[in-house]
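[1] Predicted model and sequence below, questions to follow.
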Amino acid sequence: MLRHRLACLILALTAPAAWAAAYAPPKPGPDGWPTASAATLGWDTALLDSLPAKMADGTYKKITSVVVADHGRLVYEGYFNGGSAEALNDVRSATKSLTAMLVGAAIARGAIKDVHAPVYAFFPEMKLEKPDPRRAGITLEDLLTMSSIWECDDDNQFSTGNEERMYVSERWLGFALNLPVRGYAPWVQRPADSPYGRTFSYCTAGAFVAGAAVERAVKEPLATFARDALEQPLGITESHWNVSSEGIGMGGGGTRYRSRDLAKFGELALDGGAWKGKQVLPAAWVKAMLSPHAQAREEAEYGYLWWRFHFAIDGVDTPVWAMSGNGGNYVFVVPSRGVVAVITSQAYNERFAHPQSQGLFRDIVLKALPKP
């Protein structure tokens, strides 16, 4: 018993010291990221230093990494709960934002005319079970803004197009293209009465079809096109893309990237499609992608497969764009402050996952910002 008490006392005395990690700037690596000292730039490094202890005491659960960049330089990098710099993080639906980038890349290369391209024209061989001429009007932009006329709602377990039904089907593409036309309950705004003229309904099947359309247009697997159009220009050397049961690239979720590489996608969005002075995506596409096109939630808008949230910074409502995925995985982009923040998490299907990651971003990253 005495030995046990002594062990507990020693643990109590030494644990805080072990948890308190003095701030150190990220180390430069072969991935091309410049680094800088957050302390030199005026960040509140005491707040950043508090993260290891908050992970250890359970304030934040299942968070595996936090990476922050300030005006194109990494200023913070922390790994927790088994996370590491080399880990390929499964960021689930944050993949959708990459699919939007690939649509832009395909348009830039002339493989797709524009976002108004009709979706069904990409798949002329598809035989529909119940043809409906209204489907012919569905465009890529409808899929990118989650506002097509398909009856597809991942937030409604009764929806015909709920993603869980697609996953267990043999042919995902046929599942999606055969979705019926939606109706409008009395409490649901029709497009004409909705902000931006679109009725939002979160639909992973739509993002999957957008990725499939890119595959058809560029005539190569989605993973191959992602490597050519995004990864190689950004110096990303390792990733993983999922495929559907029939072998089509999964543009709706499940890609895996290292945390520092995820930050590069955020920097690409922040810098108008450029990385280290080289244009990777057209600036006009990035501007359109990061413009509100639909009201997704009462407190959030939606661009082209990117979320726009609102956070208070120094008491001022500030738009923040984000890649977002199940488990609390995020790439936050703060255009007004030149900041990108990556949070990876394995709290999959946990109710606390998204509020937790958004809270960490709000209470640690944003509060630690240098004063203007």
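    That came in fine, so what should we check first?

[2] So which residues of the chain form helices?
    For the chain, the helices defined by DSSP state H cover 2-19, 38-41, 45-49, 51-56, 95-108, 140-144, 163-167, 172-177, 204-218, 222-226, 232-234, 259-270, 283-289, 353-360.

[3] Now render those as CSV, adding mean neighbour count.
    (C-beta placed from N, C-alpha, C; glycine too.) Putting the helices of the chain into CSV (neighbours: other Cβ atoms under 10 Å) gives the following:
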stretch, mean neighbour count
helix 2-19, 10
helix 38-41, 16
helix 45-49, 17
helix 51-56, 18
helix 95-108, 26
helix 140-144, 26
helix 163-167, 17
helix 172-177, 22
helix 204-218, 25
helix 222-226, 21
helix 232-234, 17
helix 259-270, 24
helix 283-289, 18
helix 353-360, 19
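
[4] and those helices as TSV, adding mean pLDDT?
    Output for these, formatted as TSV (pLDDT from 0 to 100):
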stretch	mean pLDDT
helix 2-19	41
helix 38-41	98
helix 45-49	98
helix 51-56	98
helix 95-108	99
helix 140-144	98
helix 163-167	98
helix 172-177	98
helix 204-218	98
helix 222-226	98
helix 232-234	98
helix 259-270	98
helix 283-289	98
helix 353-360	98
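
[5] Of these, which is nearest residue 29?
    helix 259-270 (7.4 Å; Cβ to Cβ).

[6] export the helices of the chain to JSON lines and tack on distance to residue 185?
    Formatted as JSON lines, those follow (distance: least, Cβ to Cβ, whole Å):
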{"stretch": "helix 2-19", "distance to residue 185": "50"}
{"stretch": "helix 38-41", "distance to residue 185": "49"}
{"stretch": "helix 45-49", "distance to residue 185": "45"}
{"stretch": "helix 51-56", "distance to residue 185": "42"}
{"stretch": "helix 95-108", "distance to residue 185": "25"}
{"stretch": "helix 140-144", "distance to residue 185": "20"}
{"stretch": "helix 163-167", "distance to residue 185": "20"}
{"stretch": "helix 172-177", "distance to residue 185": "22"}
{"stretch": "helix 204-218", "distance to residue 185": "20"}
{"stretch": "helix 222-226", "distance to residue 185": "35"}
{"stretch": "helix 232-234", "distance to residue 185": "43"}
{"stretch": "helix 259-270", "distance to residue 185": "35"}
{"stretch": "helix 283-289", "distance to residue 185": "30"}
{"stretch": "helix 353-360", "distance to residue 185": "25"}
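
[7] Quick one: closest of these to residue 337.
    For residue 337, the closest of those is helix 259-270, at 9.8 Å, according to Cβ to Cβ.

[8] Out of the helices of the chain, which gets nearest to residue 124?
    Residue 124 lies closest to helix 204-218 among the helices of the chain, at 9.7 Å (Cβ to Cβ).

[9] Spit out the contact partners of the spatially closest residue to residue 116 that is not a sequence neighbour.
    Once flanking residues are discounted, residue 116 sits nearest to residue 139: 5.1 Å by Cβ to Cβ, 6 or more residues apart in numbering. For residue 139, the contact set (Cβ atoms under 8 Å, 6 or more residues apart in numbering) comprises 115, 116, 117, 118, 119.

[10] I figured the fourth one was touching residue 138, is that so?
    Yes. Residue 118 is within contact range of residue 138, at 6.8 Å (criterion: Cβ atoms under 8 Å).

[11] Looking at these two, which has the bigger crowd around it?
    Counted by other Cβ atoms under 10 Å, residue 118 and residue 138 do not tie: residue 138 has more neighbours, with 21 against 15.

[12] How much space separates that one from residue 208?
    14 Å (Cβ to Cβ, to the nearest Å).

[13] and if you look at residue 250?
    6 Å.

[14] where do the contact lists of these two overlap?
    Shared contacts of residue 250 and residue 208, defined by Cβ under 8 Å, 6+ apart, are found at residue 244.

[15] hang on, the earlier thing: looking at the helices of the chain, which is nearest to residue 303?
    helix 283-289 (5.4 Å).

[16] how near is residue 228 to residue 147?
    Distance from residue 228 to residue 147, counting by Cβ to Cβ: 30 Å.

[17] Give me the more crowded residue out of those two.
    With neighbours defined as other Cβ under 10 Å, residue 228 and residue 147 compare such that residue 147 has more, 25 against 14.

[18] what's the neighbour count on the nearest residue to that one once chain neighbours are set aside?
    Excluding its sequence neighbours, the residue lying closest to residue 147 (Cβ to Cβ, 6+ apart) is residue 198, at 3.6 Å. Residue 198 has 21 neighbouring residues, counting by other Cβ under 10 Å.
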